[in-house]
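Asks: This is a predicted model, with the sequence first.
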Amino acid sequence: MNYIEKFIKSSFSIDKNVVTDCFLHYDKNRDGFLDAHEFEVFLNDTFSDSGGTNNIQYEMAAAILKQLDEDQDNKLSKSEFYKSWRYWLKYVLNPVTALLVIDVQNDFINGSLALNGYPAGHDGYDVIPVINKMLGEIPFDVVMYSKDWHPPNHISFGENVKLRPLHETSKVSSDDAKVGDTVVFRGPPITEQCLWPTHCVQNSKGAEIHCDLKIVEGSYVVNKGTNPEVDSYSAFWDNNKLSQTELVNLLSKHHVTDVYVCGLAYDVCVGFTALHSVEHGFRTVFIEDACRGVTQEGMEKMSDNLKGNGIVIAQSNEVKNLVEARHRNLQLGLQAAKNMALGREMAQSRPSVI
Ligand SMILES: [Zn+2]
């Protein structure tokens with residue numbers, strides 16, 4: 001049995017002898033430290049997507065080591081390695097996962113903002129069987145559904161453009177503005193806003209979650225976009241970051257370390273939710289085939305943005321292995337190391353037997 005298997009079998013109790021044996025095993029030159037090359041071998045044995053030795057691999061090893069290396073001498077001492085098991089490896093091997101299902105509502109599927117009327121020509125309904133399959137098969141620790149939930153006088157509705165004065169920098173006047181245009185409201189604060197058809201009005205049929213989507217027991221619903229004065233693409237913050245929903249508190253309450261996002265739409269609400277998730281320090285996975293988008297160009301741009309921010313883009317058939325930590329992804333390993341370096345210990349209530 002290798003060291004990692006022993007650690008998992010022991011329910012993550014940290015046996016100093018096992019950690020010491022592991023350290024000595026990888027400290028090939030016996031200098032009392034793991035340098036980046038020695039640490040790379042450890043990563044190869046620990047992370048399932050790390051096979052083979054190449055430059056990218058070495059760079060990733062060095063990047064993770066840098067986060068775990070408290071005294072920044074480019075190598076891990078025995079005590080730094082020991083701490084890494086406690087504050088990093090434990091979360092890599094035993095994550096607490098949440099699935100966020102974003103805005104799978106009637107208006108985006110067959111209502112006023114149905115995606116099939118937009119350039120990418122996607123059918124929003126197509127995410128439902130993919131999400132239902134995941135909900136049936138994958139043991140997420142917690143599931144949350146977001147709803148776009150606007151008051152009738154919401155700033156994002158084209159028909160409301162005359163309710164608020166425009167700023168002088170707005171390229172379109174309120175007389176000419178139509179759905180699809182971007183205008184600038186005077187505020188305060190000055191607010192750039194894409195105008196959408198009226199959609200997801202609170203308590204309307206269009207705002208209901210589609211009836212074919214599975215709602216799991218014990219799950220939560222988070223409403224967003226409730227402030228008439230500001231739009232909210234992300235399920236965390238509004239677009240001006242003036243206010244937050246209760247999402248981050250709910251995730252913290254459940255000691256979530258890893259957030260998986262899916263739903264509608266790829267290049268708008270799901271993408272921005274993923275970006276804010278990683279900003280909050282959650283290891284974040286974007287489930288690409290469980291999303292549908294507005295424009296091809298927007299999706300490509302969002303995909304680059306997600307990758308550039310350390311978010312892992314996965315397909316739904318890869319998610320079970322990630323959730324069960326059978327597949328251990330290096331990018332997520334780096335994110336966990338960054339959290340450790342920042343002193344974040346999001347899963348404090350996990351039984352920690354030392
Ligand atoms: Zn909206």
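Replies: Happy to help now that I have it.
Asks: Report the closest residue of the protein relative to the ion.
Replies: Proximity to the ion, evaluated over the chain using Cβ to the ion, is greatest for Asp148 at 4.1 Å. The C-beta positions use only the backbone N, C-alpha and C, and glycine is treated the same way.
Asks: Can you report how many residues neighbour the residue lying closest to that residue once chain neighbours are set aside?
Replies: Using Cβ to Cβ, 6 or more residues apart in numbering and skipping residues adjacent in sequence, the residue nearest Asp148 is Cys200, 3.9 Å away. Neighbour count for Cys200, taken as other Cβ atoms under 10 Å: 26.
Asks: Cys200 contacts Ile109, correct?
Replies: No. Taking Cβ atoms under 8 Å as the definition, Cys200 is not a contact partner of Ile109, at 11.5 Å.
Asks: and the lengthiest strand in the chain, what other elements does it pack with?
Replies: Looking across the chain with DSSP state E, the single longest strand is strand 283-292. Packing partners of strand 283-292 (3 or more Cβ pairs under 8 Å, 6 or more residues apart in numbering; DSSP states H and E): helix 127-137, strand 258-264, helix 271-279, strand 312-314, helix 316-323, helix 330-341.
Asks: Okay, now the sheet partners of it, with direction.
Replies: Here strand 283-292 has these sheet partners by DSSP bridges: strand 258-264 (parallel), strand 312-314 (parallel).
Asks: Looking at these, which one is packed in the most?
Replies: strand 258-264 (a mean of 28; mean count of other Cβ atoms under 10 Å).
Asks: how much distance is there from that one to the middle of the chain?
Replies: Chain-centre distance of strand 258-264: 6 Å, with Cα atoms, centre = their mean, to the nearest Å.
Asks: Around Asp69, count how many other residues there are.
Replies: Count around Asp69 with other Cβ under 10 Å applied: 22.
Asks: sorry, that was for Asp45
Replies: 15.
Asks: wait, doesn't it sit right on Ile4?
Replies: Yes. Counting by Cβ under 8 Å, Ile4 is a contact partner of Asp45 at 7.3 Å.
Asks: Can you pull the residues of the protein lying near the ion?
Replies: Asp148, Gly225 (Cβ under 5 Å from the ion).
Asks: Which residue ranges make up the domains of the chain?
Replies: 3-93, 97-152+201-323, 158-195 (automatic domain parsing).
Asks: what sits against the residue nearest to Asp148?
Replies: Asp103, Gln105, Asp107, Phe108, Leu113, Lys147, Asp148, Trp149, His150, Gly206, Ala207, Gly225 (Cβ atoms under 8 Å, 6 or more residues apart in numbering).
Asks: for the helix or strand harbouring Asp304, packing partners?
Replies: Using DSSP states H and E, Asp304 sits within helix 296-308. On a contact count with 3+ Cβ pairs under 8 Å, 6+ apart, helix 296-308 meets helix 271-279, strand 312-314.
Asks: Just the buried positions in it, please.
Replies: Gly298, Met299, Met302, Ser303, Leu306 (16 or more other Cβ atoms under 10 Å).
Asks: just how off-centre is it within its chain?
Replies: Counting by Cα atoms, centre = their mean, helix 296-308 comes out at 14 Å from the chain centroid.
Asks: Give me the contact list for it.
Replies: If you take Cβ under 8 Å, 6+ apart as the criterion, helix 296-308 is touched by Pro119, Ala120, Tyr266, Asp267, Val268, Gly271, Ala274, Leu275, Phe286, Glu288, Gly293, Ile313.
Asks: weakest of the helices and strands packed on strand 283-292 by average pLDDT?
Replies: In terms of average pLDDT, helix 330-341 trails the rest of the helices and strands packed on strand 283-292, at a mean of 91.
Asks: angle of the helix or strand hosting Asn44 against helix 330-341?
Replies: Element membership of Asn44, judged by DSSP H and E, is helix 36-46. Put simply, helix 36-46 runs at 120 degrees to helix 330-341, going by axes from the mean of the first three to the mean of the last three Cα atoms, to 10 degrees.
Asks: quick revisit: report the angle between the longest strand of the chain and helix 296-308.
Replies: 170 degrees.
Asks: Pull out the buried positions in strand 283-292.
Replies: Buried-residue list, strand 283-292, by 16+ other Cβ under 10 Å: Arg283, Thr284, Val285, Phe286, Ile287, Glu288, Ala290, Cys291, Arg292.
Asks: And the average pLDDT for the helix holding Asp304 is what?
Replies: The pLDDT scores in helix 296-308 average 97.
Asks: and if you look at stretch 197-210?
Replies: Here the average pLDDT along stretch 197-210 is 98.
Asks: The residue of the chain closest to the ion: what's it in contact with?
Replies: Asp148 neighbours (Cβ under 8 Å, 6+ apart): Asp103, Gln105, Asp107, Phe108, His199, Cys200, Ala207, Lys224, Gly225, Ser232, Cys269.
Asks: For the fifth one, give its distance to Cys211.
Replies: Right, the one you point to is His199. In this view, His199 and Cys211 are 18 Å apart by Cβ to Cβ, to the nearest Å.
Asks: what does the last one give?
Replies: From Cys269 across to Cys211, the span is 20 Å (Cβ to Cβ).
Asks: Kindly report the same for the second one.
Replies: Distance check for Gln105 against Cys211: by Cβ to Cβ, it reads 11 Å.
Asks: I figured Thr245 was touching Tyr220, is that so?
Replies: No. Counting by Cβ under 8 Å, Thr245 does not reach Tyr220; the two are 10.6 Å apart.
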